[in-house]
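> Just the structure for this:
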Amino acid sequence: MAVQPIAPCCAPVVETALSETQAQQLAAAFKVLADPVRLRLFSLVAAAPDGEACACDLVEPLGRSQPTVSHHLSVLVEAGLLIREQRGRWAWFRPVPERLDVLREALGAATATSAT
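Numbering: from 1, shown residues only. All right, here's what the predicted structure looks like:
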């Protein structure tokens with residue numbers, strides 16, 4: 001499942017209509033997060049105390065098999081929502097804040113850095 005990169009290309013959808021290409025790119029990114037397992041995985045990584053999480057620590061909280069967790073992590077990485085770093089035997093993941101900012105801005109929501 002190859003997801004096209006999300007470019008900061010457009011005004012919020014509440015302010016102007018999206019082009020077909022813009023709508024396809026944003027919909028693909030939202031589709032990745034629309035899966036409950038992936039959304040939960042993303043939240044576990046993003047909420048990790050050090051801002052990153054080892055794949056080895058994500059299987060138990062999800063109650064899913066290691067191959068299932070790995071698959072969903074790969075989809076999040078392909079979508080540009082997580083960064084994967086191999087450290088020895090284990091893969092570590094951290095969120096890509098810029099990607100979330102693009103999605104927030106498209107919805108007209110305040111970014112994490114500008115919200116007060």
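
> Around the spatially closest residue to A46 that is not a sequence neighbour, count how many other residues there are.
Spatial nearest neighbour of A46, chain neighbours left out: P95 (4.6 Å); criterion: CB to CB, 6 or more residues apart in numbering. Every residue, glycine included, has its C-beta placed from N, CA and C. Taking other CB atoms under 10 Å as the neighbour definition, P95 ends up with a count of 20.

> these two touch, right, P95 and L41?
No: using CB atoms under 8 Å, P95 is not in contact with L41, being 10.7 Å away.

> if you average pLDDT over the host helix or strand of L103, what comes out?
Assigned by DSSP states H and E, L103 belongs to helix 97-107. Taken as a whole, helix 97-107 has a mean pLDDT of 80.

> So for that helix, what gets flagged as buried?
99-102, 104-106 (16 or more other CB atoms under 10 Å).

> again, but for stretch 36-53
For stretch 36-53, by 16+ other CB under 10 Å, it's 38, 41-42, 45-46, 48, 53.

> chain center to it: distance?
Centroid separation for stretch 36-53 versus its chain: 9 Å, with CA atoms, centre = their mean, to the nearest Å.
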